[in-house]
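Here's a sequence, model it:
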Amino acid sequence: MAQSSDLFKNKLYHNGLSPSSLHVSLTTHAFRWLLPEAWDDDSLQFYVRMRNSLTGNFFRLPSAAGRKKKPAPTLTAAWILKNAEDQAEAIAELHSYTNYIETQFLFVCPVDPEPAPDFANKVSFLISSIFINSKADIIYLASQQAGMMTHFESLEWGIAKSIHAPSLWQGAHPSPSDLLELRVLCLSKEKWWEGQAGQSDRKQLQYLLLRLQKQEKAANERSCEARRKKPFSFLRRLFRPRIDD
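As a prediction, this is how the structure comes out:
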């Protein structure tokens with residue numbers, strides 16, 4: 001992979017995002033969601049071009065009333081969506097907010113302002129993988145493409161609402177007229193798995209559930225092994241000596 005792509009990935013991973021993070025690339029017969037370690041230079045240029053087309057700072061949710069401090073979001077993952085012909089169709093970024101509960105903010109930016117109906121299936125697949133891998137309680141789904149969000153709202157995936165953010169081109173102190181409205185969908189884990197999209201995706205993503213089970217089992221075994229190897233204290237060895245003492 002070219003050096004310029006590697007340099008970008010080093011920057012992208014500076015907040016804890018790494019090839020060994022919780023999230024993975026997703027592959028089906030019809031599309032792929034690729035993490036940065038799977039990008040070539042053409043993919044990198046596509047990502048940068050799409051990312052630079054965004055005109056609003058939508059990655060910080062509004063502060064709740066009466067709360068002066070709120071933790072900054074952390075970039076958790078970034079993907080490029082490619083179709084079966086290896087054509088790039090969209091980018092997606094996942095930002096994490098840790099407070100009383102774990103919240104994920106998924107921003108999707110498609111090439112087509114009004115993507116085809118099957119685009120919803122591709123996005124739901126990504127959402128399901130995020131719920132599995134991150135164990136998030138809530139995912140906020142958003143996009144600057146109003147047509148796409150209108151279609152997603154009609155699917156009744158979650159509760160729709162609006163947030164406002166300053167335009168990046170209006171300076172540090174925008175007026176109310178400079179604020180950009182963004183429609184978001186609030187997706188809860190419980191309702192997502194009860195819905196048709198979540199149930200269908202879960203069947204196809206069983207391998208992720210098995211992967212997590214194996215990881216948790218291995219972690220438990222390492223923890224037990226570490227406890228077994230922990231040296232006995234002097235008093236414990238005095239009153240309960242081991243055979244080899």
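
Every contact and neighbour count from this point should use C-alpha atoms.
Fine.

can you give me the helices for the protein?
Assigned by DSSP state H, the chain shows helices spanning 3-12, 41-52, 119-134, 146-154, 189-194, 196-204, 206-228, 234-239.

just flag whichever of those helices has the lowest average confidence.
Per-stretch mean pLDDT for the helices of the chain is lowest at helix 3-12 (a mean of 50).

Now tell me what touches stretch 128-147 from outside.
22-23, 54, 101-110, 113-114, 127, 149, 182-189, 198, 201-202, 205, 208-209, 212 (CA atoms under 8 Å, 6 or more residues apart in numbering).

Show the end-to-end separation of it, please.
22 Å (CA to CA, to the nearest Å).

What are the buried residues along that stretch?
128-134, 136, 138-145 (16 or more other CA atoms under 10 Å).

For stretch 80-87, what does the pLDDT average out to?
pLDDT averaged over stretch 80-87 gives 96.

End to end on that stretch, go ahead and measure it.
Stretch 80-87: ends 10 Å apart by CA to CA.

What residues sit buried inside that stretch?
Ile80, Leu81, Lys82, Asn83.

So which of those is the closest to Glu194?
Nearest to Glu194 among the buried residues of stretch 80-87 is Leu81, at 25.7 Å by CA to CA.

For that closest one, which non-adjacent residue is spatially closest?
Leaving out its chain neighbours, the residue that sits closest to Leu81 by CA to CA, 6 or more residues apart in numbering is Trp33, at 4.6 Å.

Just list the residues touching that neighbour, thanks.
Contacts of Trp33 by CA under 8 Å, 6+ apart are Ser25, Leu26, Thr27, Trp79, Ile80, Leu81, Lys82, Leu126.

Model confidence score at Ile91, please.
At Ile91, the pLDDT recorded in the model is 95.

what's the closest non-adjacent residue to it?
Ile80 (4.5 Å).

Okay, and the beta partners of that neighbour?
Leu34, Ile91 (DSSP bridges).

State the distance from it to Leu94.
12 Å.

what does Leu205 give?
19 Å.

More neighbours: which of those two?
Leu94 (21 against 16; other CA atoms under 10 Å).

so the more buried one sits right up against Ala77, yeah?
Yes: counting by CA atoms under 8 Å, Leu94 touches Ala77, with 5.2 Å between them.

does Gln104 really touch Leu94, like I thought?
Yes: Gln104 lies in contact with Leu94 (CA under 8 Å); the separation is 6.6 Å.

Return the distance of the nearest residue to Lys82 once chain neighbours are set aside relative to Lys135.
Counting by CA to CA, 6+ apart, the nearest residue to Lys82 once its immediate chain neighbours are dropped is Ala88, at 4.3 Å. To Lys135, Ala88 is 28 Å away according to CA to CA.

Ok, Glu156 next?
In terms of CA to CA, Glu156 sits 22 Å off from Lys135.

go on, Ser25?
The separation that Ser25 has from Lys135, given CA to CA, amounts to 17 Å.

now Val111
29 Å.

same thing with Asp201?
16 Å.

Next: Gln206.
Taken as CA to CA, the span from Gln206 to Lys135 is 15 Å.

cool, and Ser128?
Where Lys135 is concerned, Ser128 sits at a distance of 10 Å (CA to CA).

now do Val123
For Val123, the distance to Lys135 - CA to CA - is 18 Å.
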